[in-house]
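J.: My questions are about this predicted structure, shown below with the sequence.
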Amino acid sequence: MRKYIFRAAGFLSIAFCLTITGWKAVKKKEPTIKSKVVKSRTIVGVDSIYIKHVNDLYKASHLKEAGLRFSVFEKALTGFYNLKKSGQLSNKSILTIADFDQLSTKKRLYIIDLDKKEIVLNTWVAHGQKSGDDAAINFSNKNDSFTSSLGFYVTGEVYRGIHGRSLKLDGMDQGFNDNARSRSIVVHGASYVSQGTISALGRLGRSQGCPAVAPEVADEVINTIGDKTVLFINKSVDAYSSKYLDETLAANFAVDSTTHLMD
């Protein structure tokens, strides 16, 4: 009898020890699980920081009030950072957008100082004769096409031509605007870019493909955007693509080079 009692007592002791050991093992794991959860909550992705940065610039520069959509600004800024990353730009913080989603009667040229977070100039800009009437709908990279070409440009040298003081452009998007030099696509002043032309024709005058501006602002435009800055001619069409629209590369460069994004 005594043998059975001792055997039962032994089983109970072993069971009790296993229960205590199992409880302690679970207990030890809890802080590890909690610390992982807390750590994961503190991680903020580069893309999230970048989108916040783009949104902050957009709001601070009052671009919505000036008629420029966020999606267009986001594309242009992404190209700016990628061109900057590739070493094609100067240290100027100027970004220029010609938004051909808008009609020619609108002031659709935006010159933005990204450091100061302000619009330097918002004015008219012409599109090519064969791109359309009030709305620009046709685009080409071919010589003698008399159309505008979409995409990212880097501003080149200033010279004097038939339109007076003008600014050369280098098209950066192969197949879309890389014939800008051979086509003589430049920024220049033109008398047909005026309120008078709009009143007479119901639209702005048109160029042979150049982003022409009003004569009275031509010097200001050229002086501001000259010296290797970005001009982005936008039209929201599926046919256009660019290697400079890689948002992940732009985000990494912007976050790495602009410390205030992390504040």
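T.: Now that the structure is in, tell me what you want to look at.
J.: neighbours around Phe146, how many?
T.: 17 (other CB atoms under 10 Å). No exception for glycine: its C-beta is placed from N, CA and C like everyone else's.
J.: Which secondary structure state is assigned to it?
T.: coil (DSSP: H, G, I helix; E, B strand; the rest coil).
J.: Which parts of the helix or strand hosting Thr224 count as buried, going by neighbours?
T.: Thr224 belongs to helix 215-225 when elements are defined using DSSP states H and E. Neighbour counts over helix 215-225 (16 or more other CB atoms under 10 Å) mark Pro215, Val217, Ala218, Val221, Ile222, Thr224, Ile225 as buried.
J.: ok, the nearest residue to Ala60 once chain neighbours are set aside to Thr229 distance?
T.: Nearest non-adjacent residue to Ala60, counting by CB to CB, 6 or more residues apart in numbering: Lys117, 4.0 Å away. The spacing between Lys117 and Thr229, counted by CB to CB, to the nearest Å, is 16 Å.
J.: Look at the two and report which has more neighbours.
T.: Applying other CB under 10 Å to Lys117 and Thr229 shows that Thr229 carries more neighbours, namely 21 against 16.
J.: Can you give me the end-to-end span of stretch 208-217?
T.: By CA to CA, to the nearest Å, the extent of stretch 208-217 from end to end equals 20 Å.
J.: and it, how far from the chain's centre?
T.: Distance, stretch centre to chain centre, for stretch 208-217: 24 Å (CA atoms, centre = their mean, to the nearest Å).
J.: What of stretch 130-150?
T.: 23 Å.
J.: With distance to Ala136 and pLDDT added, can I get the buried residues of helix 215-225 in CSV?
T.: Shown next, in CSV, are the buried residues of helix 215-225 (distance: CB to CB, whole Å; pLDDT from 0 to 100):
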residue, distance to Ala136, pLDDT
Pro215, 21, 98
Val217, 20, 98
Ala218, 20, 98
Val221, 19, 98
Ile222, 22, 98
Thr224, 23, 98
Ile225, 20, 98
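J.: For stretch 48-60, buried residues please.
T.: So, applying 16+ other CB under 10 Å, buried residues of stretch 48-60: Ile49, Tyr50, His53, Val54, Leu57, Tyr58.
J.: Report the mean per-residue pLDDT for that stretch.
T.: Mean pLDDT, computed over stretch 48-60, is 96.
J.: For it, which outside residues touch it?
T.: 64, 70, 73-74, 77, 114, 117-118, 247, 250-251, 254-255, 258, 261-262 (CB atoms under 8 Å, 6 or more residues apart in numbering).
J.: ok, now stretch 199-213?
T.: So stretch 199-213 is contacted by 98, 103-105, 109, 123-129, 131, 133-134, 145-149, 163, 183-194, 197-198, 221, 231, 233 (CB under 8 Å, 6+ apart).
J.: do that again at 6 Å, thanks
T.: 98, 104, 124-126, 128-129, 133-134, 146-148, 185-190, 192-193, 197-198, 221 (CB atoms under 6 Å, 6 or more residues apart in numbering).
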